[in-house]
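Chemist: this one's sequence-less:
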């Protein structure tokens, strides 16, 4: 059974940093794209960042570009999101996801077929 488990969320002041981790189990995802999405209360789930299977290509939402960094460790079947210069508008539940059937690094939710349960990130002003 495939599981994606996020960790590293929490409460942080504006300007602070957090590092989210996502550990996958049940199968290896070393040839799959992995991504991060987020959902704030009352809003739709939105794309944050994605990384291709080798880590050679990354893509970010404009709202987080230059502040967030996505990375992966295929030996550990894991993906990470380093979040710096956090803002109150970054407050959301953050989800990691895997796209096994798409080549590249997609930014749409419907391209991803495995999802974690989410971790809460709250940024206070």
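Modeler: All right, it came through fine. Here the structure is a predicted model, which means the values were calculated and not measured.

Chemist: rest of the way, CA atoms for contacts and neighbours
Modeler: Will do.

Chemist: centroid residue for this structure?
Modeler: residue 36 (2.1 Å; C-alpha atoms, centre = their mean).

Chemist: Hmm, it is touching residue 96, no?
Modeler: Yes - using C-alpha atoms under 8 Å as the test, residue 36 is close enough to residue 96 to be in contact (4.5 Å).

Chemist: The residue nearest to the centre of the chain bridge partners, please.
Modeler: Residue 36 has these beta-bridge partners by DSSP bridges: residue 49, residue 96.

Chemist: just residue 25 next, same as before
Modeler: Beta-bridge pairing for residue 25 (DSSP bridges): residue 3.

Chemist: Tell me, how many residues neighbour it?
Modeler: Counted by other C-alpha atoms under 10 Å, the residues lying close to residue 25 total 14.

Chemist: try residue 42
Modeler: So residue 42, with other C-alpha under 10 Å, has 6 neighbours.

Chemist: If I look at it, what pLDDT would I see?
Modeler: Looking at residue 42, its pLDDT reads 95.

Chemist: and the gap between it and residue 53?
Modeler: Residue 42 sits at a distance of 32 Å from residue 53 (criterion: C-alpha to C-alpha, to the nearest Å).

Chemist: Just give the number of residues close to residue 98.
Modeler: The tally of other residues near residue 98 (other C-alpha under 10 Å) stands at 26.

Chemist: Which other helices and strands does the helix or strand harbouring it contact?
Modeler: Element membership for residue 98, per DSSP states H and E: strand 92-99. If you count contacts as 3 or more C-alpha pairs under 8 Å, 6 or more residues apart in numbering; DSSP states H and E, strand 92-99 packs onto strand 3-7, strand 33-39, strand 114-115, strand 119-124.

Chemist: Recalculate using a threshold of 10 Å.
Modeler: When contacts are defined as 3 or more C-alpha pairs under 10 Å, 6 or more residues apart in numbering; DSSP states H and E, strand 92-99 packs onto strand 3-7, strand 18-25, strand 33-39, strand 46-51, strand 78-83, strand 114-115, strand 119-124.

Chemist: For the ones you listed, give me a markdown table that also has mean pLDDT and distance to residue 63.
Modeler: Output for the helices and strands packed on strand 92-99, formatted as a markdown table (pLDDT from 0 to 100; distance: least, C-alpha to C-alpha, whole Å):
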| stretch | mean pLDDT | distance to residue 63 |
| --- | --- | --- |
| strand 3-7 | 96 | 21 |
| strand 18-25 | 97 | 16 |
| strand 33-39 | 97 | 12 |
| strand 46-51 | 98 | 8 |
| strand 78-83 | 98 | 12 |
| strand 114-115 | 96 | 22 |
| strand 119-124 | 98 | 15 |
